Structure formats: C-alpha cells, structure tokens
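Student: The following comprises the amino acid sequence and a computationally predicted model.
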Amino acid sequence: MSTLSLDAEALYAELLAGVRSLLQPDTVLVGIWSGGAWLAERLHAELSRPGEPGVISSALHRDDYGQRGLAGGGDATRLPFAIDGTRILLIDDVLYTGRTIRAAINELYDFGRPRAVDLAVLVDRGGRELPIQASFAAAKVALPAAHRLRLARADGGRFAFSVETSA
C-alpha cells in the first residue's frame, strides 16, 4: 500500500465549499457507508445543519451482493428524517464506476421518494460503467483499474488517502 499525493484535508475544504453552493434550506445530507458517512457527519457539523445526517448502505442493492454479502455495511442505513418529498444531498468519498451510487439510490428509494437527489464526492476517478455524474467533485484523478483509492479517518477526525493495488 502506498500513499497517494492527494491532500485529503485540502480536498475536504473544497468539498465543504462545493456543498455550501448546493445546499438549500430544506436539504438533508446522507452519506454512503463508510467514507461518505464520515464526510457527511463532518460536513453536517461544520455547516451547522439541524438534526443529524443520514447514513445509507449500498450493500443490499449491489449487483455483486452474491460475492460480497454485507461487506459494505448492510445494516448501516439510518435515515432520521422522512424521505418523501425531501431534497437529498448524497455524499461519497470516491466516485468510480457508479455502481455504488446506483445501489445507494435504490436503497434510498426503499424508504420513500425524494423530491431531488444531488451527489457530491471528494474524488471522481472516472471509469464510469453507468451514466452517473456528481453535481460536485472536489478533485478528478485518473488511476489504473487495478488501483483502489481509500479514504481513512484518524481518531481526531482528519482524513487521509491511500492507494491499494490488487494482485
């Protein structure tokens, strides 16, 4: 595992600014388990939003559920607000193929029909397999398909990136 030369904290500051421009008074934040949930939690606090952010798991709607099972936090969905008619800002750490976002949106619709769903991500690494695009991405990077970009959160809440290479 090697360290990528991306400053996660600097990108978080960019994400914070981008999210501010997407927010409306009735917007609620929902983070995708796990990196997106960490980001949504911190954004929610720093933006002084009312209530608490939601967390959504993509595990049960993934097209590779048979191989992965609940590896993606299948019991992690927590939506402490009504979904019907709500404006949702979905937050994730890395956007790659679009499969996780599709699965998270399917999970979201199991709880109701939002008025609108926007997506904000820390990093868009391209490589889309589905027609999904973020309304805001703090950075765009290109990585070989064999590399996986991971967000880590330290005990103090600071973020860092690492790159894993599959064999």
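Tutor: Happy to help now that I have it.

Student: for the protein, where's the lowest mean pLDDT among helices and strands?
Tutor: helix 65-68 (a mean of 55; mean pLDDT, DSSP states H and E).

Student: Now the following helix or strand past that helix: average pLDDT?
Tutor: Sequence-wise, the next helix or strand downstream of helix 65-68 (DSSP states H and E) is strand 87-95. For strand 87-95, the mean pLDDT works out to 98.

Student: by contact count, what packs against strand 87-95?
Tutor: Under the contact definition 3 or more CB pairs under 8 Å, 6 or more residues apart in numbering; DSSP states H and E, strand 87-95 sits against helix 8-22, strand 27-32, helix 35-46, helix 99-110, strand 116-124, strand 147-153. For the C-beta atoms, the positions are set from N, CA and C on the backbone; glycine is no exception.

Student: Can you tell me which of these is packed in deepest?
Tutor: Scoring the helices and strands packed on strand 87-95 by mean neighbour count under mean count of other CB atoms under 10 Å gives strand 27-32 as the most buried, with a mean of 24.

Student: Can I get that one in CSV, CA atoms only?
Tutor: This file holds the C-alpha atoms of strand 27-32, laid out as CSV (Å, rounded to 0.1, in the frame of the first residue of the first chain):
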residue,chain,number,x,y,z
THR,A,27,-31.6,19.9,2.0
VAL,A,28,-30.6,16.9,4.2
LEU,A,29,-27.2,15.2,4.0
VAL,A,30,-26.9,11.5,3.5
GLY,A,31,-23.5,9.8,3.5
ILE,A,32,-22.8,6.5,1.8
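
Student: Tell me the gap between it and the middle of its chain.
Tutor: 9 Å (CA atoms, centre = their mean, to the nearest Å).

Student: Start at 537, not 1
Tutor: Okay, residue one is now 537; in that scheme the one you just asked about reads as strand 563-568.

Student: Who does the residue nearest in space to the middle of the chain form a beta bridge with?
Tutor: The residue lying closest to the centre of the chain (CA atoms, centre = their mean) is residue 628, at 1.1 Å. On the basis of DSSP bridges, residue 628 is bridged to residue 657.

Student: you'd agree it is up against residue 569?
Tutor: No - in this structure, residue 628 is not within contact of residue 569 by CB atoms under 8 Å, at 9.6 Å.

Student: picking that back up, the residue nearest to the centre of the chain and residue 561: what is the separation?
Tutor: Distance, residue 628 to residue 561, using CB to CB, to the nearest Å: 23 Å.

Student: ok, now residue 676?
Tutor: 30 Å.
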